[in-house]
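J.: Just the structure for this:
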Amino acid sequence: MSATSTPELKTAKPGQYLTFVLNSQLYGVPIGTVREINRLSEITPVPKTPHFVAGVMNLRGKVIPVVNLRTKLGFQQTQHTKETCIIVIETVVGQVGMIVDSVRGVIELVSNQIEPTPNLGNSAETEFVLGMGKLENTVIILIDIVKALSNTQLAELATLPEKHAA
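T.: Numbering: from 1, shown residues only. Down below sits the predicted model:
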């Protein structure tokens, strides 16, 4: 009985997480994924890109794709505020910027503060959810921000800087 259910449980590992807000919910990503955090800067739209791609930005002379994480996760688009940030992550295709509503800070979670991912329906659609963090009375959705993008989407993002340069 346990042989069939235990291996499928995926749980986030204890450690440091960068927390951010998206659609009034607190999320956390393993700090090792994050390269840097930037204020929202000029983003150049690129035609014929997926709906969740905001465009590209110049990051110290390097053009990187920028994803609107709100749109990617199916939330309604809102106006950017002075708290809106871009979290730059490292992926297999290079750096990608992720627009989030605001960044809260880095927290340390120990194993008793982390719960496995509950059954959320279509596991392929939610496989980027690593678990649930508990901090006082707050639930933090722990995600693998890179897995929020499929391999196909990452491959498309890799071509954006060339499209922009053309």
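
J.: Helices of this protein, residue ranges please.
T.: 2-5, 69-72, 151-165 (DSSP state H).

J.: Comparing these, which yields the minimum mean pLDDT?
T.: Of all the helices of the chain, the minimum mean pLDDT falls on helix 2-5 (a mean of 36).

J.: Surely His80 and Leu40 touch.
T.: Yes - between His80 and Leu40 there is a contact under CB atoms under 8 Å: 5.6 Å. Where C-beta positions appear, they are placed from N, C-alpha and C, glycine not excepted.

J.: Geometrically speaking, which residue is the centre of the protein?
T.: Closest residue to the average C-alpha location of the chain: Ile145 at 3.2 Å, with CA atoms, centre = their mean.

J.: my read: His18 touches Gly28, true?
T.: Not quite, residue 18 is Leu, not His. Yes - if you go by CB under 8 Å, Leu18 and Gly28 touch, sitting 6.8 Å apart.

J.: Which one of those two is surrounded by more residues?
T.: Shown here are Leu18 and Gly28; by other CB atoms under 10 Å, Gly28 has more neighbours (26 against 22).

J.: what's the burial count for the nearest residue to that one once chain neighbours are set aside?
T.: Leaving out its chain neighbours, the residue that sits closest to Gly28 by CB to CB, 6 or more residues apart in numbering is Tyr17, at 3.5 Å. Using other CB under 10 Å, Tyr17 is surrounded by 29 other residues.

J.: Glu136 and Ile107, how far apart?
T.: 11 Å (CB to CB, to the nearest Å).

J.: distance between the ends of stretch 66-73?
T.: In stretch 66-73, first residue to last residue: 14 Å (CA to CA, to the nearest Å).

J.: pLDDT score for Asn68?
T.: 96.

J.: again with Asn23
T.: In this model, Asn23 is scored at 95, pLDDT.

J.: Tell me if I'm right that it and Asp101 touch.
T.: Yes - between Asn23 and Asp101 there is a contact under CB under 8 Å: 7.2 Å.

J.: shared neighbours, the two?
T.: Counting by CB atoms under 8 Å, 6 or more residues apart in numbering, the common neighbours of Asn23 and Asp101 are Arg70.

J.: Can you pick out the residue with more neighbours from the two?
T.: Neighbours per residue, other CB under 10 Å: of Asn23 and Asp101, the larger number sits with Asp101, 20 against 14.

J.: For His80, see how far away that one is.
T.: Taken as CB to CB, the span from Asp101 to His80 is 9 Å.

J.: just Gly131 next, same as before
T.: Going from Gly131 to His80 by CB to CB gives 29 Å.
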